[in-house]
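Got a sequence here, can you model it:
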Amino acid sequence: MRVLVTGATGEVGRRVVPRLLGRGGAGAELRVRVLVRDAARAEPLVRAGAEPMEGDLRDEAVRRRAVAGMDAVLHVAAAFRGVPDEEAYAVNRDATIALAGAALAEGVGRFVFVSTNLVYGAGRGRPAEEDDPTLTAAGEGLSGAYPHSKAEAERALLALHRERGLGLRIARLAFVYGDGDPHLRQALQWPGEWNGHHRFQMVHHADVAQGLLRVLLAPGVDGRIYNIADDAPFSVVDVHRINGVPVPEGLAERPDVDPWHGIVSTLRVRDELGFRPLYPSLWTARDAGAL
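Numbering: from 1, shown residues only. Purely as a prediction, here's the structure:
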């Protein structure tokens, strides 16, 4: 199978691509093309066997060349936190929809969109499930354009699946960490005034890779959405402890207005695709030296 991977030099992409190369199961080797904006940053992936292509995802000619000859697209590229809202929507929504259109025109059979569990917005008194409604209003749920642009992209891609036969699969990732990713350290800036018991849903990079591989290769799951996360959400207190930072006084007394925000069910990906986390908890990854 020939797979185009976007965002291959980002925090997720550069850890996923080496795990994809040479994998595929049932004798189906994956041949990976990586679309990158800076070819120099892709050199480690090229040494591992990836085919490089330099260009900007927002360029129509680049998109056409990138999908040419591919069997599948694994769309990891995203404008994350810290970018202007206009850029978040231009990359996460507009360029995503355009890439899917290019894939349809080229006859690419599968299109995996890497999304986020933040698209669910407010909690529901239980883990969020894939068929639950997602964010719609710009001021709804977590502030910022990132989750809203992802939610809008999902809706547009699902329409392309229904109306034009896009071979779409959506993977909603929890809080990604591990393999030296600074994300876990950066998490210290987000608890703010949250209660110490407030939890984050996690997923290690190794489990991101195995989850995406299962979503990519599974037959007959076009139009399906899968939450990819570990088995044990960790708390604000745990954020401090894993980073070796003293736990502030009074965390337990703070209100926790939405204790289910960001917590998801993984029953579907377990039951349909056989997903089992290699690192079922943050502490398992710590004990294995995989942080």
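
Surely residue 151 and residue 119 touch.
Yes: between residue 151 and residue 119 there is a contact at 4.2 Å, judged by C-beta atoms under 8 Å. Yep, even glycine has a C-beta here, placed from its N, CA and C like the rest.

Give the intersection of the neighbour lists for those two.
Common neighbours of residue 151 and residue 119, using C-beta atoms under 8 Å, 6 or more residues apart in numbering, are 134-135.

The residue lying closest to residue 97 once chain neighbours are set aside: which element?
Distances taken as C-beta to C-beta, 6 or more residues apart in numbering put residue 156 closest to residue 97, at 4.8 Å, once the chain neighbours are dropped. Counting by DSSP states H and E, the element that carries residue 156 is helix 145-164.

And for residue 99?
Per DSSP H and E: residue 99 is located in helix 96-106.

ok, now residue 126?
Residue 126 belongs to no helix or strand when assigned by DSSP H and E.

got it, and residue 122?
Secondary structure assignment for residue 122, by DSSP H and E: no helix or strand.

What are the buried residues along the helix holding residue 156?
Under the neighbour-count criterion of 16 or more other C-beta atoms under 10 Å, helix 145-164 has 145-154, 156-158, 160-161 buried.

out of those residues, which one sits closest to residue 235?
Among the buried residues of helix 145-164, residue 147 lies closest to residue 235 (C-beta to C-beta), at 21.4 Å.

so the closest one makes contact with residue 136?
No: using C-beta under 8 Å, residue 147 is not in contact with residue 136; the gap is 11.3 Å.

Tell me where the stretch 1-150 of the chain has strands.
Counting by DSSP state E, counting those that start in this stretch, the stretch 1-150 of the chain has strands at residues 2-6, 31-36, 51-54, 72-75, 110-116.

Spatially, and excluding backbone neighbours, which residue is closest to residue 78.
residue 92 (5.5 Å).

Residue 108 and residue 68 touch, don't they?
No: assessed by C-beta under 8 Å, residue 108 is found out of contact with residue 68, at 9.3 Å.

and these two? which has more neighbours close in?
Between residue 108 and residue 68, residue 108 has the larger neighbour count (other C-beta atoms under 10 Å), namely 23 against 14.

quick one, strands of the stretch 151-291 of the chain?
So, for the stretch 151-291 of the chain - with DSSP E, counting those that start in this stretch - the strands run 168-173, 175-177, 199-200, 202-204, 224-228, 234-235.

Adding mean pLDDT and distance to residue 52, write those out as a markdown table.
Below are these laid out as a markdown table (pLDDT from 0 to 100; distance: least, C-beta to C-beta, whole Å):
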| stretch | mean pLDDT | distance to residue 52 |
| --- | --- | --- |
| strand 168-173 | 98 | 24 |
| strand 175-177 | 96 | 24 |
| strand 199-200 | 88 | 34 |
| strand 202-204 | 97 | 27 |
| strand 224-228 | 98 | 27 |
| strand 234-235 | 91 | 36 |
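
Mind putting those strands into CSV with distance to residue 12?
Formatted as CSV, the strands of the stretch 151-291 of the chain follow (distance: least, C-beta to C-beta, whole Å):
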stretch, distance to residue 12
strand 168-173, 8
strand 175-177, 6
strand 199-200, 17
strand 202-204, 10
strand 224-228, 11
strand 234-235, 19
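
Can you say which of these is nearest to residue 42?
Of all those, strand 175-177 comes closest under C-beta to C-beta, at 20.1 Å.

Show me what that closest one is packed up against.
Secondary-structure packing of strand 175-177 (3 or more C-beta pairs under 8 Å, 6 or more residues apart in numbering; DSSP states H and E): helix 183-186, strand 202-204, helix 205-217.

closest to residue 243 out of those?
Among the helices and strands packed on strand 175-177, helix 183-186 comes nearest to residue 243, with 5.8 Å by C-beta to C-beta.

residues near the spatially closest residue to residue 132 that is not a sequence neighbour, how many?
Counting by C-beta to C-beta, 6+ apart, residue 132 lies nearest to residue 120, which is 6.0 Å off, once chain neighbours are set aside. Using other C-beta under 10 Å, residue 120 has 27 other residues around it.

give the contact list for residue 120.
Shown in contact with residue 120 (C-beta under 8 Å, 6+ apart): 128, 132, 134-135, 141, 262, 264.

Now do the same contact list for the closest residue to residue 64 other than its chain neighbours.
Using C-beta to C-beta, 6+ apart and skipping residues adjacent in sequence, the residue nearest residue 64 is residue 102, 5.5 Å away. Taking C-beta under 8 Å, 6+ apart, we find residue 102 in contact with 60, 63-64, 66-67.
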